[in-house]
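Participant: Pasted the sequence and its predicted model underneath.
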Amino acid sequence: MIEKKGEAVLIKSSKFMYVWMFLATVGFLLACIFLITHGLNFNSKYSFLYLGGGIVLTPFYLYLTIWSLPGLMPGKVLFKILPGEKGTVNAKKGTVSISNIRNINLVRNPINLINDIVIETFNDKKIKIRTYNLLGDLDYEMIVDQYIYPYMTESAKKVWDRKVDLERLRKVARYERKEPKIE
């Protein structure tokens, strides 16, 4: 969800993504507890499968739930963009000038399975913005293309153009890149 406050563009998650993440983390954790309790009743010939599945999957879903809890705060601002020639991307871990961005990626962290936006700058700094999986791939691509891309350097624009699939954005999300007006 994009919220504009003056010149700033606040990037938040949609209510749908909050519900989706809640169901995916807390819901599966509750399902594992349900499996364990019904497995301990031994009322079915599948009780050992329930018990084994619940015991094996509970630590995994507990781990994911603990990592995802900070993102489940309603109204959490993931990051803020100040568009313009001297624009910046502001996150909890730092601020990056848009003109200093060399590369920007959405990367899944292999340890906690949470997507991070990784921004590499021309002075070899890396800033990671945790999205808590509340920002979808298409939303990420549209946000970068609409608010960051127009103010990037030419070399960074070429890198972004190789990564983004504008045809897919047009078909799936009905997004069209607005070309700058030449006067």
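Facilitator: All right, it came through fine.

Participant: any idea how far the closest residue to residue 151 other than its chain neighbours lies from residue 104?
Facilitator: Using CB to CB, 6 or more residues apart in numbering and skipping residues adjacent in sequence, the residue nearest residue 151 is residue 98, 4.4 Å away. Quick note: C-beta positions are derived from backbone N, CA and C, even for glycine. From residue 98 across to residue 104, the span is 10 Å (CB to CB, to the nearest Å).

Participant: Find the residues that touch each one of the two.
Facilitator: residue 148 (CB atoms under 8 Å, 6 or more residues apart in numbering).

Participant: chain center to the longest helix that the chain contains: distance?
Facilitator: Ranked by residue count, the top helix of the chain under DSSP state H comes out as helix 47-68. Relative to its chain's centre, helix 47-68 lies at 24 Å (CA atoms, centre = their mean, to the nearest Å).

Participant: Buried ones in that helix, by neighbour count?
Facilitator: Buried residues in helix 47-68, counting neighbours by 16 or more other CB atoms under 10 Å, are found at 50-51, 53-54, 57-58, 61, 64-65, 67-68.

Participant: Could you single out the nearest of those to residue 125?
Facilitator: residue 67 (24.4 Å; CB to CB).

Participant: That closest one - nearest residue in space that isn't next to it in sequence?
Facilitator: Residue 67's closest residue in space is residue 112 (CB to CB, 6+ apart), at 4.3 Å.

Participant: So the one you found is in contact with residue 65, correct?
Facilitator: No: Residue 112 sits out of contact with residue 65 when judged by CB atoms under 8 Å, with a separation of 10.9 Å.
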